[in-house]
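Participant: what's the 3D shape of this:
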Amino acid sequence: MRIVALDTETTGLELSGGHRIIELGCVEIENRRLTGNEFRRLLNPGRKVDAAAFEVHGISDEELSDKPTFAEAEDEFVEFIAGAEVIVHNAAFDVGFLDHELSLTSSPLNKLESVCAITDTLQMAKTRHPGQRNSIDSLCKRYDIDASAREKHGALLDAQLLAQVYLAMTGGQISLVLGEESRADKRPATARRKTADSHAPLTRYEPTNEEKAAHEALLNKIDTLSNDGCLWLEKM
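Facilitator: Numbers count the residues shown, from 1 in each chain. Modelled structure (predicted):
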């Protein structure tokens, strides 16, 4: 399935304060690979950027003054995400702003979910890492993803990092370009053979009868205490 990592930047944090989107950033993933196909637009919000928001993303009123409005960029944006599974970190925030922007245009669309599926990667991270910090920065550190360029927040940069976090968090190998080979695959076959052959043979140790009995007792205890039973016992 085609996946699009999405992020936004805004003039402030609260929709109730009349805040608007000023940047859209999207990154495409297909077959668990970053394709290099990206979408970024700076948008004129028709209002001032809050000082606190400027400190976060560094996008100024002057920089936005000659940019298109959301309504003017809507068709391109919708075309990019249409039919995809859109992954968003803390989806309630970004999707709330996007739904609001859609409602202000003359387009019949008023909900993002009408053109794409939405997955909240923050909720996904909380399920996988309960009780831990699950911000983008924390997840990048956890999965050893280079976020050194993130001196300020930016919709496209954050979407790029989110795409890599998602691939790492869902257990797949990250490949930055479609069709990119791993370094190991580029080594000569003789070099790969040499590495494989250089390992010493593994020594196998059989458990004693006492160890087998202790192991079986532990499995039986797990089976008794668990609501779903002990999976290992079913395989014995």
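
Participant: what's the separation between the nearest residue to Ser65 once chain neighbours are set aside and Glu9?
Facilitator: Nearest residue to Ser65, sequence neighbours excluded (C-beta to C-beta, 6 or more residues apart in numbering): Asn44, at 6.7 Å. In this view, the C-beta of every residue, glycine as well, is placed from N, C-alpha and C. Distance, Asn44 to Glu9, by C-beta to C-beta, to the nearest Å: 13 Å.

Participant: who has more neighbours, those two?
Facilitator: Neighbour count, other C-beta atoms under 10 Å: between Asn44 and Glu9, Glu9 has more, with 25 against 18.

Participant: point out where the protein drops to low pLDDT.
Facilitator: Within the chain, the set of residues satisfying pLDDT under 70 comprises 172-205, 209-236.

Participant: and the helices in it?
Facilitator: For the chain, the helices defined by DSSP state H occupy 51-57, 61-64, 70-81, 91-104, 121-128, 136-142, 155-169, 183-186, 189-197, 209-225, 231-235.

Participant: how about the second one: buried residues?
Facilitator: Within helix 61-64, the residues that qualify as buried by neighbour count (16 or more other C-beta atoms under 10 Å) are Leu64.

Participant: so what's the residue nearest to Glu38 when sequence neighbours are not counted bridging to?
Facilitator: Using C-beta to C-beta, 6+ apart and skipping the chain neighbours, the partner closest in space to Glu38 is Val27 (5.3 Å). Beta-bridge partners recorded for Val27 (DSSP bridges): Ala5, Glu38.

Participant: same deal with Glu9?
Facilitator: Residues in beta-bridge contact with Glu9 (DSSP bridges): Glu23.

Participant: what residues are up against it?
Facilitator: Ile21, Ile22, Glu23, Ala53, Val56, His57, Ile59, His153, Gly154, Ala155 (C-beta atoms under 8 Å, 6 or more residues apart in numbering).

Participant: nothing else from me, thank you.
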